[in-house]
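Q: Here you go, sequence then predicted model.
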Amino acid sequence: MIGFPPEALVVLAGFTAATGPAFADMGYDLKTGHLLRGGDGDPAFDLEGRRQQLIAAMIGFGVAVVVVLVSYQMFFDNGKVPPIDAAYVAAIKTGPFMETARNLALWAIPGALVQFLGGPRRQLGILLVTGLLITTPMAGWLVAAGLVCRLLAPRVLGPRVQEDLEVFAGGAIAGDALYSFGHGAFDALRK
């Protein structure tokens, strides 16, 4: 809308898709580390913990850069790109027309309404959009099953199970990421 050439928009879209989730995750990691170290109880201990977290994050960033450099081509060659990229491509292809701005503004209204109804802690707008971008129906059913478990488990097993669910969720996310990467790399190498 403000005159960026499509090439610049592609770079911006790639930067956003690649870094947005990582920075959000890093924020949660830093907050979690602060809470695990006792909050504001011992400022020197917290500062040293933050320094150690920063070092670990930089090592992880370096490893991620190497993994991406080694593997991106085989994923791209097989059409394996993040779902958000489809939304970016559609917006870039429509070009700088007022109709594009009107459509974005029009669809921003229900998105904002869903987000408002869910409240800032539930992120229902993000969940709705994620559901629209993921084309695998099984993923939606698994999210619904996870929500049911999250609602029922504390009622059936007691409130202490909440921590176990969060640890299980972290492990499941890590396992899914490792499996998805390995499966995609194996498929790419096989072709």
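A: The structure has been received and is ready for your questions. On a predicted model such as this, the values are computed, not experimentally measured, just so you know.
Q: tell me which element the most centrally placed residue in the chain falls in.
A: Closest residue to the average C-alpha location of the chain: Pro21 at 4.2 Å, with CA atoms, centre = their mean. Following DSSP states H and E, one finds Pro21 within helix 6-36.
Q: which secondary structure elements does the helix or strand following that helix contact?
A: Next helix or strand after helix 6-36 toward the C-terminus (DSSP H and E): helix 43-77. For helix 43-77, the packing partners by 3 or more CB pairs under 8 Å, 6 or more residues apart in numbering; DSSP states H and E come out as helix 6-36, helix 161-190. Heads up, the C-betas are built off the backbone N, CA and C, glycines and all.
Q: follow-up on the earlier one: just want the angle from the helix holding Pro21 to helix 161-190.
A: Angle, helix 6-36 to helix 161-190, by axes from the mean of the first three to the mean of the last three CA atoms, to 10 degrees: 140 degrees.
Q: Remind me what helix 6-36 packs against, helices and strands.
A: By 3+ CB pairs under 8 Å, 6+ apart, helix 6-36 packs against helix 43-77, helix 84-94.
Q: for these, which one sits closest to Ala139?
A: Smallest distance to Ala139 across the helices and strands packed on helix 6-36 (CB to CB): 14.5 Å, for helix 84-94.
Q: between the closest one and helix 6-36, what angle do the directions make?
A: Going by the same axes, to 10 degrees, helix 84-94 makes 150 degrees with helix 6-36.
Q: Domain boundaries for this structure, per the record?
A: Per the record, the chain has its domains at 1-96, 136-191, by automatic domain parsing.
Q: Export those as a markdown table, with columns for distance to Ala105.
A: Listed next are these as a markdown table, based on distance: least, CB to CB, whole Å:
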| stretch | distance to Ala105 |
| --- | --- |
| domain 1-96 | 11 |
| domain 136-191 | 27 |
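Q: Output the below-cut-off pLDDT ranges for the protein.
A: 1-2, 83, 95-97, 133, 191 (pLDDT under 70).
Q: so Asp29 sits right up against Gln52, yeah?
A: No - counting by CB atoms under 8 Å, Asp29 does not reach Gln52; the two are 11.6 Å apart.
Q: These two: which is more packed in?
A: Comparing Asp29 with Gln52 by other CB atoms under 10 Å, the one with more neighbours is Asp29, at 14 against 11.
Q: Identify the residue nearest that one in space, chain neighbours excluded?
A: Gln53 (6.6 Å; CB to CB, 6 or more residues apart in numbering).
Q: ok, back up a step: and the residue nearest to the centre of the chain, how far from Arg190?
A: In this view, Pro21 and Arg190 are 28 Å apart by CB to CB, to the nearest Å.
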